[in-house]
Every structure is written in structure tokens, then in C-alpha cells.
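# Show me the folded form of this:
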Amino acid sequence: MANHLRAVPPLPVTGSVPIASRREPLWRHLVGDLLRERRHDRGETLGDVARRAGVAPQYLSEIERGRKEPSSEVVQAVASALDLTLRDLLDDAGRRLAASEESISQQASVRAPTLLAA
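Numbers count the residues shown, from 1 in each chain. Prediction:
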């Protein structure tokens, strides 16, 4: 019987940690966290912001918790209800991603000797 299994190529490696094991935040988590923090900083309730944005409070709650992937129109409406521009939101998300990348790189350098020893 012929063996029909193909060899699976190794995972690509960046630095010393395989890309598949890197933990970058998802877009919906970044946006949700930023919107919730802004709402809390302003001392507003879900209902206040949801009403101005034209969405249900439950839906806004799910967005803030990263459970829903909102459309660009909804993101803009919620950001606007919080007196944020899309650029502000994207800039903040970019800074968070950069910080996350730095953290991943630091974790990778700490884990590298362990990976090599295995």
C-alpha cells in the first residue's frame, strides 16, 4: 500500500518563536478595549453612548468585550458618540499593537534558550 501522506513544512519562524505561537490581539479586542476605556474615562453608561451611536446597549457591550466584529459604520458611530475620530481610534490601536509586538519580542527572547534546549 502506497503512503499518500505529504510532508508538512515546518512553521515559519520569526526570531526564535514560531509565528503560530505569537499572541497578537485581535482587532475586535483592541477596538472594544479602547472604546470601553474612553467611555469609562468620560463617566458614561453603555446606554448613554449606545443611544447617541444608534445601537443597542447590549450590542455595544458585546463590541466592548470583543465578542462582536462591528462594521466600519458602527465603529464610526460609536467613536463619534465618544467624541473620537476614526484616526484617533486607529492611532490608539496602532500604539497598542506596537506595544504588543514589543512585548511578544521580549517574551520570545526570554523563551529562546528554552526552545533551543528542548
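
# Burial check on residue 34, number of neighbours?
By the other CB atoms under 10 Å criterion, the neighbourhood of residue 34 contains 21 residues. Every C-beta, even on glycine, is put in place using the N, C-alpha and C of the backbone.

# mean confidence for whichever helix or strand it is part of?
In this structure, residue 34 is located in helix 27-42 according to DSSP states H and E. Averaged across helix 27-42, pLDDT comes to 96.

# now stretch 91-99
Per-residue pLDDT values over stretch 91-99 give a mean of 92.

# Contact partners for residue 92?
Taking CB atoms under 8 Å, 6 or more residues apart in numbering as the criterion, residue 92 is in contact with residue 34.

# picking up where we left off before, immediately after the helix holding residue 34, which helix or strand?
Once the chain leaves helix 27-42, the following helix or strand, as judged by DSSP H and E, is helix 46-53.

# Can you pull out the residues in contact with stretch 68-84?
27-28, 31, 35, 38-39, 42, 44, 49-50, 52-55, 59-60, 62-63, 85-86, 88-89.

# any idea of the angle the host helix or strand of residue 74 forms with helix 27-42?
Assigning secondary structure by DSSP H and E places residue 74 in helix 72-81. With axes from the mean of the first three to the mean of the last three CA atoms, to 10 degrees as the basis, helix 72-81 and helix 27-42 are set at 20 degrees to each other.

# Okay, now the unreliable bits of this protein?
Across the chain, the stretches falling below the confidence threshold (pLDDT under 70) are 1-22, 103-118.
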